[in-house]
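Peer 1: Sequence and computational prediction follow.
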Number of protein chains: 2
Amino acid sequence: MLSTDHGTIETPIFMPVGTQGTVKAVQQRELREIGAQIILANTYHLALRPGSELLSEAGGLHRFMNWDRPILTDSGGYQVFSLSELRKIEHDGVTFQSHIDGSYHRFTPERVIDIQRAIGSDIMMILDECPPADCGYEYAERSNQLTLRWAEQAREYVARTAPHYGHAQYAFGIVQGNVFEDLRARSAEGLVALDFDGYAIGGLAVGEAAEVMYRITEFTTSVLPAGKPRYLMGVGTPVNIVESIERGVDMFDCVMPTRNGRNAMVFTSDGPLMIKKERFLHEYRPIEDGCDCYACAHFTRAYISNLFRTREILGLQLASIHNLAFYLRLTRDARNAIFQDRFSSWKDAFVRRYHEGQST
Amino acid sequence: MLSTDHGTIETPIFMPVGTQGTVKAVQQRELREIGAQIILANTYHLALRPGSELLSEAGGLHRFMNWDRPILTDSGGYQVFSLSELRKIEHDGVTFQSHIDGSYHRFTPERVIDIQRAIGSDIMMILDECPPADCGYEYAERSNQLTLRWAEQAREYVARTAPHYGHAQYAFGIVQGNVFEDLRARSAEGLVALDFDGYAIGGLAVGEAAEVMYRITEFTTSVLPAGKPRYLMGVGTPVNIVESIERGVDMFDCVMPTRNGRNAMVFTSDGPLMIKKERFLHEYRPIEDGCDCYACAHFTRAYISNLFRTREILGLQLASIHNLAFYLRLTRDARNAIFQDRFSSWKDAFVRRYHEGQST
């Protein structure tokens, strides 16, 4: 559980991704309807459009997008390293070109906090460097040192500055260190010494094998304090999520439910369905029996399949709503199972059914 | 007022366009929310996808799309003549190629009724030929005769066949005759002799000047029975609609609120706004003050402008919801003004304000 001035977050929790101040194809009232407790937005994208000045003028992102529950903002570190055209990393920050218009921008640990102060997110992430999955030990070690130095600067800057809108803003550190346990340990220890409000595990789900991701996740949570939230960034499939909850993770975000939804993949307890396939045109039942989301309560697989086959926007909406409802139910079920001390058997049953359904 | 087995329609009324069994970017519950009393779907599109067999299997379009208020289906005549690749008009029907996959299809007056029986629309439209706006008198006259002959066949076929799903289905004739009053009169008289349940005015809003459209509309309504609904197909701008209500029209459909909405044009009583423009990023008020639609009750012009600038689907949704709410309010206000015997002054005030706002 994590208390913010915009409400309490029960963990483990999945955070729908609203990169640009909107969860793609889903309305704010629909996020409430499916029980979203916190959403994620992105500092990199919001800094470019509409920009932090406009967000200040609007009174912060909560007011701008009319969302009164918690918001976490990713620092944009990952986007600078994955989206921008050209980037130059210096000891005190990174200069990059916008992926939209090629304009030059500069992120420093302090600047990224300034932007997040203007956004007014309940949880701010510090700037980190995200090296590629296969960067090797030497690069990972150097990058780790840089990220740790930036974390120090960010921590200090957070302490020196105040929120703009009256509500408190937490700051989370991001553990890096690639797939190397000694680097992960060094990164985690360095951040813990700075006493952040929570800790994210970054640099995973970037192409490494699932087993490696699970091993590094388990190792990293083991060296992080149990009393603070642990957030595995950008993960993942339903199975990834339950496996990572077992390994001590409290918070997740991933574009998969919305992005895959827009590409006609819908999640069910029996595995995902490519709903656009012709055979679904004849299935007059919901995507998932018993699901209470708007899509499942009102529409058949046949109708939704036809919406995708005819490229109608309502298809994107219904698949996105259902997939987010599925992910939120997944973490809610995990939470209940933990409280009832039956997580392990619940997880095994979920994973078995999910995989068996997929193979049929 | 028009009673159907799916509810009563208060006229004058605007019908949101749900060509393929969905109003683009708007959910069924949102159509109810903004007071949509009837929607329009299209026989041509539904015949191609998902096809009338599948619609029969699903129990008709109401069940397929989960919409329990009235549905009117256009016959597809207009689409055959505007969308399909290749068409050959014969005395007993038209053969055309699908705009989707080039497959060959044939529409006859009877076949189009069969499809609409499978759809189960509350109001079926008969097959007509839609000649181009500038076809000239001779072509218009020949076409008129063909459409009238098809209308006779259709009328007879409607009488010989029964609805599939237990609810009644009306049949409307379509007056053609281009911009020639004598042809319009002949077409209307021919159809009235066949005693349809209502009469549409087709072949307008296809490129002719607004004044010509108004003149032909006024002339045509004057030769149609006052006791039956009169429907002006595919019209139009807010001003077109109030001018046509003054000229005796009861029913309208147009893609403008949804299509223009998806292109970032939003309607207000002071004229339309191109909401994507940069200046709207600083306007922290709704699209239209006093509008109770979801978009206006919850979001600012600034936010919606940014949604379009960042190409987010929520922008399409909010603009479409608002524009339909605007059109439905427009016809509701017209209805109230008619009941209160002040239509003319209401209309003048509406048109003046709409035009004055546009020029600022």
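Peer 2: Looks like it arrived, so ask away. For clarity, every value in this text was computed on a predicted model and none was experimentally measured.

Peer 1: So which residues of the stretch 151-300 of chain A form strands?
Peer 2: With DSSP state E, counting those that start in this stretch as the criterion, the stretch 151-300 of chain A has strands at A:170-175, A:198-201, A:230-232, A:251-253, A:265-266, A:273-274.

Peer 1: residues contacting the nearest residue to A:Gln28 once chain neighbours are set aside?
Peer 2: Counting by Cβ to Cβ, 6 or more residues apart in numbering or on different chains, A:Trp67 is the residue found nearest to A:Gln28 once chain neighbours are left out, at 5.3 Å. From N, CA and C alone the C-beta is placed, and that goes for glycine too. Applying Cβ atoms under 8 Å, 6 or more residues apart in numbering or on different chains to A:Trp67 gives the contacts A:Gln28, A:Leu31, A:Ile39, A:Leu61.

Peer 1: same check, this time on A:Pro50
Peer 2: A:Ala58, A:Phe64, B:Leu281, B:Ala302, B:Asn306, B:Arg309.

Peer 1: Show me just the buried residues among those residues.
Peer 2: Using 16 or more other Cβ atoms under 10 Å in any protein chain shown as the burial test, the contacts of A:Pro50 include A:Ala58, A:Phe64, B:Leu281, B:Ala302, B:Asn306, B:Arg309 as buried.

Peer 1: so the fifth one makes contact with A:Leu48?
Peer 2: No - under the criterion of Cβ atoms under 8 Å, B:Asn306 makes no contact with A:Leu48, lying 11.3 Å away.

Peer 1: So which residues make contact with the least confident helix or strand in chain A by mean pLDDT?
Peer 2: Least confident helix or strand of chain A, by mean pLDDT, DSSP states H and E, is helix A:77-82 with a mean of 86. Defining contact as Cβ under 8 Å, 6+ apart, one finds that helix A:77-82 is touched by A:42, A:44-45, A:87, A:94, A:96, A:107, A:112, A:125, A:127-131, A:174, A:202, A:233-234.

Peer 1: Chain B next: which of those are close?
Peer 2: By Cβ under 8 Å from any Cβ of the partner chain, the members of those lying near chain B are A:His45.

Peer 1: Filter the contacts of helix A:77-82 down to the ones in strands?
Peer 2: In this view, those that belong to strands under DSSP state E are A:Asn42, A:Arg87, A:Val94, A:Phe96, A:Phe107, A:Met125, A:Ile174.

Peer 1: Can you report how many residues lie near the last one?
Peer 2: Around A:Ile174 there are 28 other residues, counting by other Cβ atoms under 10 Å in any protein chain shown.

Peer 1: What of the third one?
Peer 2: With neighbours defined by other Cβ under 10 Å, the count for A:Val94 comes to 23.

Peer 1: If I look at it, what pLDDT would I see?
Peer 2: Per-residue pLDDT puts A:Val94 at 93.

Peer 1: OK, now which residue of the stretch 101-250 of chain A is nearest to chain B?
Peer 2: In the stretch 101-250 of chain A, the residue that lies nearest chain B is A:Asp101 (11.8 Å; Cβ to the nearest Cβ).

Peer 1: That residue: how many residues sit nearby?
Peer 2: Using other Cβ under 10 Å, the number of residues around A:Asp101 comes to 8.
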